[in-house]
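Engineer: test case, fold it:
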Amino acid sequence: MKFIFGILSFVTVGLIIGSVSQLAFYDNWKTHMTFHRHIVVINIEMFVLPCIPSLKNDKEAEILRPGYVKPEVLSWSPRIILLRNFLSMEECEYLKALGYPHLQNSRVIDDKTGKGVDTKRRTSSGMFLSSKDRKHPMVQAIERRISIYAQVPVENGEPMQILRYEKNQYYELHLDYFSDTYDLKNNGQRIATMLMYLSDNVEGGETYFPKGGSDECNCGGKIVKGLSVKPVKGNAVLFWSMGLSGQ
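Structural biologist: Model (predicted):
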């Protein structure tokens, strides 16, 4: 039986702006890094190439996976961005190995108490990364990458959650922003979600956005209106539950 692994990282406080434009700027910088200055010395033209630091020794650039991550805007309203090759295959396998021994029945947060409760609306299994897990260099690199692409500080994010969906398991339609007073008071608003896929060659398992457009898409073997993202190992989808105005 094939499993579908997924990992959620919920981004909490702050406004998210310019993630796509930042990526476009970075790509443009990379494309035009071999520019020259025009210098005239005694009627002899000389071309001087500036000294550009090598990306091989730039740890911050390595975290971004330049040349691998390919962003694609799927929808502007709601804002949904697909990030192809966001994770390396090594990162996918490490996260699966990290989470597999600790999986438990997935829960939802009770609006009144803020505690996790069992529900038939969510039938997957999962676990949250511990503070010890988050100290691993590979996990820190992923969290930093999420922060840069989402334009939200690492410390404003919830711990990553590793999820597994087996055959016929699901999470029913739901909202990722908070409407209860407990979460708003104790945790702040959740404004965006990064969902990363750790498995490939699966049947079903689409993430479905019913308001992502008027086109037809496949979700759970059914043709429906909206937008769906199929699990592809290493890909990620970044979507916002709030606008720039905070609504």
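Engineer: what residues sit buried inside stretch 193-212?
Structural biologist: In terms of neighbour count (16 or more other CB atoms under 10 Å), stretch 193-212 has its buried residues at 193-199, 202, 204-209, 212. Yep, even glycine has a C-beta here, placed from its N, CA and C like the rest.
Engineer: list the ones among these that fall in strands.
Structural biologist: Taking DSSP state E as the definition of strands, the buried residues of stretch 193-212 contribute 193-197, 207-209.
Engineer: make CSV out of those and add pLDDT and distance to Gly116.
Structural biologist: CSV is the format used below for those (pLDDT from 0 to 100; distance: CB to CB, whole Å):
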residue, pLDDT, distance to Gly116
Thr193, 94, 18
Met194, 96, 21
Leu195, 97, 19
Met196, 98, 22
Tyr197, 97, 24
Thr207, 93, 21
Tyr208, 94, 24
Phe209, 94, 25
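Engineer: Val224 versus the residue minimising distance to the centre of the chain, what's the distance?
Structural biologist: Against the mean C-alpha coordinate of the chain, by CA atoms, centre = their mean, the closest residue is Met194 at 3.0 Å. From Met194 over to Val224 the distance is 24 Å, taken as CB to CB, to the nearest Å.
Engineer: in a helix, Arg134, correct?
Structural biologist: Yes: going by DSSP: H, G, I helix; E, B strand; the rest coil, the assignment for Arg134 places it inside a helix.
Engineer: surely it and Pro159 touch.
Structural biologist: Yes: the pair Arg134 and Pro159 passes the contact test of CB atoms under 8 Å, sitting 6.7 Å apart.
Engineer: need the contact list for Leu103.
Structural biologist: Contact analysis of Leu103 by CB atoms under 8 Å, 6 or more residues apart in numbering lists 125-127, 162, 164.
Engineer: dihedrals phi and psi, it?
Structural biologist: The phi and psi torsions at Leu103 (degrees, to the nearest 10) take the values phi -70, psi 140.
Engineer: measure the residue lying closest to it once chain neighbours are set aside to Leu227 for me?
Structural biologist: Using CB to CB, 6 or more residues apart in numbering and skipping residues adjacent in sequence, the residue nearest Leu103 is Ser125, 4.2 Å away. The spacing between Ser125 and Leu227, counted by CB to CB, is 26 Å.
Engineer: go on, Lys120?
Structural biologist: From Lys120 across to Leu227, the span is 26 Å (CB to CB).
Engineer: repeat that for Phe209.
Structural biologist: For Phe209, the distance to Leu227 equals 5 Å [CB to CB].
Engineer: ok, Arg134 next?
Structural biologist: 32 Å.
Engineer: compare the two and say which is more crowded by neighbours.
Structural biologist: Neighbours per residue (other CB atoms under 10 Å) separate Arg134 from Leu227, with Leu227 holding more: 23 against 15.
Engineer: that one touches Trp76, doesn't it?
Structural biologist: No: if you go by CB under 8 Å, Leu227 and Trp76 don't touch, sitting 11.7 Å apart.
Engineer: what secondary structure does Glu90 sit in?
Structural biologist: helix.
Engineer: what about the closest residue to it other than its chain neighbours, which helix or strand?
Structural biologist: Distances taken as CB to CB, 6+ apart put Met138 closest to Glu90, at 7.8 Å, once the chain neighbours are dropped. Under the criterion of DSSP states H and E, Met138 resides in helix 137-150.
Engineer: list of residues touching that helix?
Structural biologist: Helix 137-150 is contacted by residues 9, 11, 16, 19, 22-23, 62-65, 69, 71, 83, 86-87, 90-91, 94-95, 98, 129, 133-134, 153-154, 157, 160, 192, 194, 238 when judged by CB under 8 Å, 6+ apart.
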